[in-house]
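> How does the following fold in three dimensions:
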Amino acid sequence: MATARRYTMEQIEAARKKLRSLPVKEAGKTRGEVAEFLVNDIKKAMRQGYTLRDIRDLLADAGLSIPLTKLKALFDKASDVEPIEESDAVEEDTPPPHDGNSSGEWGSTDGI
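As a prediction, the model looks like this:
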């Protein structure tokens with residue numbers, strides 16, 4: 001039968017000192033983490049009219065290879081981002097509720 005190995009307090013304190021003096025090890029970020037980290041900036045770019053493809057290409061120019069599918073998946077979770085064309089078109093085409101003729105109908109007053 002083997003006996004349990006015993007360590008001295010000096011050995012334990014030396015190990016503790018080494019562990020406490022370790023610098024933070026930067027492992028970097030994964031593609032998904034990068035996309036989540038930049039999500040607010042990506043949303044802003046989309047509101048300014050850039051597509052996910054444009055954003056992907058811009059990120060690639062900066063040395064970040066984020067696949068288009070990863071960007072799309074990120075925004076499938078956050079459904080509050082709409083392409084700029086859709087949100088602007090709704091605002092421009094929908095008149096305020098008080099517009100129209102006196103009876104509340106749309107169209108010209110001459111019946112055409």
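> OK, contacts around residue 64?
Applying CB atoms under 8 Å, 6 or more residues apart in numbering, we find residue 64 in contact with 31, 34. No exception for glycine: its C-beta is placed from N, CA and C like everyone else's.
> May I ask which helix or strand encompasses it?
Assigned by DSSP states H and E, residue 64 belongs to no helix or strand.
> mind checking how far it is from residue 47?
21 Å (CB to CB, to the nearest Å).
> can you count the residues close to residue 36?
Residue 36 is flanked by 16 other residues according to other CB atoms under 10 Å.
> per-residue confidence for it?
Note for residue 36: predicted pLDDT of 88.
> Is it within a helix or a strand, and which one?
Secondary-structure assignment from DSSP H and E places residue 36 in helix 31-37.
> Same question for the helix or strand following that helix: list its buried residues.
Using DSSP H and E, the helix or strand that follows helix 31-37 in sequence is helix 39-47. By 16 or more other CB atoms under 10 Å, the buried positions in helix 39-47 come out as 39, 42, 43, 45, 46.
> Any idea how many residues pack against residue 37?
Neighbours of residue 37 under the rule other CB under 10 Å: 11.
> should've said residue 21
Per other CB under 10 Å, the neighbour tally for residue 21 reads 7.
> do you know how far it is from residue 70?
Distance, residue 21 to residue 70, by CB to CB: 37 Å.
> Residue 32 contacts residue 70, correct?
Yes: counting by CB atoms under 8 Å, residue 32 touches residue 70, with 6.2 Å between them.
> residue ranges with poor pLDDT in the chain?
The chain contains residues with pLDDT under 70 at 78-112.
> Now with 80, please.
1, 75-112 (pLDDT under 80).
> pull the longest helix from it.
helix 9-20 (DSSP state H).
> tell me the SS of residue 5?
At residue 5 the chain is in coil, as set by DSSP: H, G, I helix; E, B strand; the rest coil.
> no wait, residue 2
Going by three-state DSSP: residue 2 is coil.
> That one - how many residues pack around it?
Residue 2, neighbours per other CB under 10 Å, totals 4.
> how near is it to residue 36?
According to CB to CB, residue 2 stands 49 Å off from residue 36.
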